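[1] Sequence plus predicted model, see below.
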Amino acid sequence: MKKDFYDFGLIGLGVMGRNFILNVADNNFKALGYDLDDQKVNALIEEGGNPDRVNATGDLTEFTQGLSHPRKIMLLVPAGKIVDQVIEDLLPHLDKGDIIIDGGNSFFTDTDRREEYLQSKGINFFGSGVSGGAKGARRGPSIMPGGNREAYQHVKPIFEAVSAKYKGEPCVAYLGPKSAGNYVKMVHNGIEYAMMQLTSEIYDVLKKGAGLSNEELHEVYSSWNQGRLQSFLVEITAEIFEQKDDLADGYLVDAILDKAKQKGTGKWTSQNAMDLGIPIPTIDVAVSMREISALKSERVKAESIYPKGEIQSRPKEELIAEAESALYFSFIMAYAQGLHQLADASKEYGYDLNLSEIAKIWRAGCIIRAELLADISDAYTALPELDSLILSPVFVDKVNETLAATKGLLSYGMRNGIPLPGVANSLNYFHAYTSGRLPLNLIQAQRDHFGSHTYERLDRDGIFHTEWED
């Protein structure tokens, strides 16, 4: 294999890796893959069709010697110790100035550690979020790179070529130093958890409250996808409802077990928000609901002890209209919470994130792509230091016009035992954030009463403590 021949290298030829490297080759960059699994190596060579355009090997020396300088090597392997092991295997074969790109969902502190370690050896390291799933990797994902700005210039032409496009604009941008890319992808996934939970709650209330069939649900979500709720998740939800079961009679969605798994990025988002002191309750409860879903046998037992009773039906069109408004309102709250976390993390970790730019690269390719993101980008373009999306003039009317319907839907769900925790947390977050006076004065008094933790006052500066009467 001729040295200095291939423009881009990729390690890990699973579905994501194979699709991504074929995407690179389709955009006129010569690409070379590496995997220890001979079947995956051969599958890429066969699918690529032309070894001069895209090739693969199971020999690491052959792989690294076949790449142009500086080497640009992307890892699409499971997060964790495997990333560290691949880096150690690569190091003896690299030269100073070469670039390693971690395209997996690595925890952001691991990326910081790896970048510092590799920097000491003269190697550039990028944590680069890639969103869009296997299809996105093949057709054009949203890419979120972070690392050394100058080194990114070597990667930029390739990433811009392979990324999704929104009205001709590449859905990729240099986000910031260190782990900025992995951090943004982590919060992206947290928002994704929230939007998936919200979409499923609305499905539940429409099915139980209005008795909508799968055919009707398909029509409802399809129509929503033509309006202000246009988004990838609403689009695929519509498609899911028309999928017939190939193993039994009926529709596939009705045969799927109601236990949702998770890979950890949603949990990381919640944990880090707690560390930063940023409230993201819609994302938090989406993580909790996946954990509750895992308690299937306990839930079935509890349902027999606490029967819900008959659900009061409502006119279909009335409930559908309320559900659409509640979903739109809650989507706004989910984005607002995630972007609030990004803004605070940017200051805490020195990322210098551009929230308008982030919203732009999420407009196509990624799982949370939605028409709403164009408005979000406009909001942060107009006010880059905006404290919260809720405060943007772009969103005030959008929120106000959906409030009454959101309250109505939530009230209906609570009266009839239909769980709507994502919608509830979105609405309660909004009410709390827009309350100039909260009852936390009582909590401060309680803390001082039992633990002498002191408190502050409204009418004068200083720290106070009271000797409370027994």
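    Right, received. Where do you want to start? Nothing here was measured: the structure is a model prediction, and the numbers come from that model.
[2] Three-state assignment for His453, please.
    At His453 the chain is in coil, as set by DSSP: H, G, I helix; E, B strand; the rest coil.
[3] what about it, how many neighbours?
    The tally of other residues near His453 (other Cβ atoms under 10 Å) stands at 11. (C-beta placed from N, C-alpha, C; glycine too.)
[4] Tell me how far it lies from Val399.
    36 Å (Cβ to Cβ, to the nearest Å).
[5] Just to check, Gly103 is in contact with Ser131?
    No. Counting by Cβ atoms under 8 Å, Gly103 does not reach Ser131; the two are 10.5 Å apart.
[6] Just name whatever secondary elements the biggest helix by length in the chain is in contact with.
    Scanning the chain for the helix with the most residues, using DSSP state H, yields helix 316-349. Secondary structure elements in contact with helix 316-349, counted by 3 or more Cβ pairs under 8 Å, 6 or more residues apart in numbering; DSSP states H and E, are helix 180-209, helix 214-224, helix 265-276, helix 281-293, helix 355-361, helix 372-382, helix 393-415, helix 421-433.
[7] Take these and lay them out in TSV including mean pLDDT and distance to Ala336.
    Output for the helices and strands packed on helix 316-349, formatted as TSV (pLDDT from 0 to 100; distance: least, Cβ to Cβ, whole Å):
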stretch	mean pLDDT	distance to Ala336
helix 180-209	96	10
helix 214-224	98	20
helix 265-276	94	13
helix 281-293	96	9
helix 355-361	96	11
helix 372-382	96	9
helix 393-415	97	8
helix 421-433	98	8
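[8] Could you give the separation of stretch 72-90 from the chain centroid?
    How far stretch 72-90 lies from its chain's middle: 22 Å, per Cα atoms, centre = their mean, to the nearest Å.
[9] And stretch 448-465, by the same measure?
    On Cα atoms, centre = their mean, the centre of stretch 448-465 falls 40 Å from that of its chain.
[10] and if you look at stretch 266-282?
    Taking Cα atoms, centre = their mean, the mean C-alpha location of stretch 266-282 is offset from the chain mean by 13 Å.
[11] Stretch 96-106 now?
    Centre-to-centre, stretch 96-106 and its host chain are 20 Å apart (Cα atoms, centre = their mean).
[12] Next, the buried residues of it.
    For stretch 96-106, burial by neighbour count (16 or more other Cβ atoms under 10 Å) applies to Asp98, Ile99, Ile100, Ile101, Asp102, Gly103, Gly104, Asn105, Ser106.
[13] And stretch 30-50, by the same measure?
    Neighbour-count burial for stretch 30-50 flags Lys30, Ala31, Leu32, Gly33, Tyr34, Asp35, Lys40, Val41, Ala43, Leu44, Ile45, Gly48 (criterion: 16+ other Cβ under 10 Å).
[14] and what of stretch 307-326?
    Buried residues in stretch 307-326 (16+ other Cβ under 10 Å): Ile311, Arg314, Leu319, Ile320, Glu322, Ala323, Glu324, Ser325, Ala326.
[15] What average pLDDT does that stretch get?
    For stretch 307-326, mean pLDDT is 93.
[16] May I have the distance across that stretch, first residue to last?
    From the first residue to the last, stretch 307-326 extends over 27 Å; the measure is Cα to Cα, to the nearest Å.
[17] Which strand runs longest in the protein?
    strand 124-131 (DSSP state E).
[18] Now do that one against helix 265-276, angle only.
    120 degrees (axes from the mean of the first three to the mean of the last three Cα atoms, to 10 degrees).
[19] elements contacting strand 124-131?
    When contacts are defined as 3+ Cβ pairs under 8 Å, 6+ apart, strand 124-131 packs onto strand 99-102, helix 108-119, strand 142-146, helix 149-162, helix 180-209.
[20] quick one on the thing from earlier: got JSON lines for the buried residues of stretch 307-326, with distance to Trp362 too?
    Output for these, formatted as JSON lines (distance: Cβ to Cβ, whole Å):
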{"residue": "Ile311", "distance to Trp362": "37"}
{"residue": "Arg314", "distance to Trp362": "35"}
{"residue": "Leu319", "distance to Trp362": "30"}
{"residue": "Ile320", "distance to Trp362": "27"}
{"residue": "Glu322", "distance to Trp362": "27"}
{"residue": "Ala323", "distance to Trp362": "24"}
{"residue": "Glu324", "distance to Trp362": "22"}
{"residue": "Ser325", "distance to Trp362": "23"}
{"residue": "Ala326", "distance to Trp362": "22"}
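[21] ok, of those, which one's closest to Leu442?
    Checking these against Leu442 with Cβ to Cβ, the nearest one is Ala326 at 30.7 Å.
[22] Could you pull up the contacting residues of the closest one?
    Ala326 is in contact with Ile202, Thr402, Ala405, Thr406, Leu409, Leu410, Val423, counting by Cβ atoms under 8 Å, 6 or more residues apart in numbering.
[23] burial count for the last one?
    By that I understand Val423. Per other Cβ under 10 Å, the neighbour tally for Val423 reads 27.
[24] hang on, it packs against Leu410?
    Yes. The criterion here is Cβ under 8 Å, and Val423 meets it with Leu410 at 5.5 Å.
[25] Show me how the record splits this structure into domains.
    Using automatic domain parsing, the domain parsing of the chain gives 8-178, 185-433, 439-470.
[26] so where is the stretch 101-250 of the chain shaky, pLDDT-wise?
    Applying pLDDT under 70 to the stretch 101-250 of the chain flags no residue at all.
[27] circling back: pick the one among the contacts of Ala326 closest to Tyr6.
    Closest approach between the contacts of Ala326 and Tyr6, by Cβ to Cβ: Ile202, at 47.2 Å.
[28] And the contacts of stretch 299-312?
    Lys208, Gly209, Ile292, Tyr412, Arg415, Asn416, Gly417, Ile418.
[29] Can I get these in a markdown table including distance to Gln65 and neighbour count?
    Converted to a markdown table, the contacts of stretch 299-312 look like this (distance: Cβ to Cβ, whole Å; neighbours: other Cβ atoms under 10 Å):
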| residue | distance to Gln65 | neighbour count |
| --- | --- | --- |
| Lys208 | 61 | 16 |
| Gly209 | 64 | 23 |
| Ile292 | 52 | 15 |
| Tyr412 | 66 | 21 |
| Arg415 | 69 | 10 |
| Asn416 | 66 | 17 |
| Gly417 | 65 | 13 |
| Ile418 | 61 | 19 |
